[in-house]
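J.: return a 3D structure for these sequence lines:
(chains A and B)
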Amino acid sequence: GQNIDQPTEMTATEGAIVQINCTYQTSGFNGLFWYQQHAGEAPTFLSYNVLDGLEEKGRFSSFLSRSKGYSYLLLKELQMKDSASYLCAVSSQSYNTDKLIFGTGTRLQVFP
Amino acid sequence: DAEITQSPRHKITETGRQVTLACHQTWNHNNMFWYRQDLGHGLRLIHYSYGVQDTNKGEVSDGYSVSRSNTEDLPLTLESAASSQTSVYFCASSDYRGNTEAFFGQGTRLTVV
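T.: Model (predicted):
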């Protein structure tokens, strides 16, 4: 079966650093994605990890440990506009594609 | 610029009616997906397609159907709308490779009364 867990809500202060964790159990693994979704909008791509380690993209970094079924998204120098839901999604291995299975999302509120 | 569009953006329908939600992408992507998003459940996969004439059931496919007659379109049909199908529906597309991001449409908010 497929199971992806992440915290429901988190709060942080502007300028701070926050880490959003994601654990997963899937049948087959072809990579892990993080998406950002502002209220009332479509999800937008943030990062992709397929190998163990850290991927850095500006203020956002994502880490993956395949042996532990664990990933985190690290947001630095938080800004008010970072208030959004962050969705962890696993690409389950198939013969030719990335069927994305999503966690329930973590709603992040950034306070001044 | 390439894009993925959904229509309508909002719809109210009555229980028992057939409803079709449109999804059109100009990315020339092979893969297309339909998700529904409900509070407490996140995005759940309804149906997906790997190419023309190919359709597959996702985890919550009961009461829904799709057809893929061309690369650009994957319409989602609710055969007989039920109140439990009140939700926000997202269409997405991606390239055939497994390591590429999916692009999402803006969503359709469907209310079944």
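J.: show me which strand runs longest in the chain.
T.: Looking at chain A here, since you left the chain open. Looking across chain A with DSSP state E, the single longest strand is strand A:84-93.
J.: my bad, the chain I had in mind was chain B
T.: Assigned via DSSP E, chain B shows its longest strand as strand B:42-51.
J.: mind listing what's buried in it?
T.: By neighbour count on 16 or more other Cβ atoms under 10 Å in any protein chain shown, the buried set for strand B:42-51 is B:42-50. All C-beta spots, glycine's among them, are computed from the backbone N, C-alpha and C.
J.: go ahead and confirm B:Ser49 touches B:Gln25.
T.: No - using Cβ atoms under 8 Å as the test, B:Ser49 is too far from B:Gln25 to be in contact (11.3 Å).
J.: hey, what's in contact with both of the two?
T.: B:Met32 (Cβ atoms under 8 Å, 6 or more residues apart in numbering or on different chains).
J.: pLDDT-wise, which helix or strand of chain A ranks last?
T.: Among the helices and strands of chain A, strand A:98-102 carries the lowest confidence by mean pLDDT, DSSP states H and E, at a mean of 78.
J.: what pairs with the next helix or strand after it, and is each one parallel or antiparallel?
T.: Remark: after strand A:98-102, the chain's next helix or strand is strand A:106-111, criterion DSSP states H and E. Sheet pairing for strand A:106-111, assigned by DSSP bridges, gives strand A:9-13 (parallel), strand A:84-93 (antiparallel).
J.: which residues are contacting strand A:106-111?
T.: A:6-14, A:18, A:20, A:75, A:78-80, A:82-88.
J.: switch the cut-off to 10 Å
T.: Contact with strand A:106-111 is made by A:6-16, A:18, A:20-22, A:36-37, A:39, A:73, A:75, A:78-88, as judged by Cβ atoms under 10 Å, 6 or more residues apart in numbering or on different chains.
J.: show the buried residues in those residues.
T.: Counted by 16+ other Cβ under 10 Å, the contacts of strand A:106-111 give A:6, A:10, A:12, A:18, A:20, A:22, A:36-37, A:73, A:75, A:78, A:82-88 as buried.
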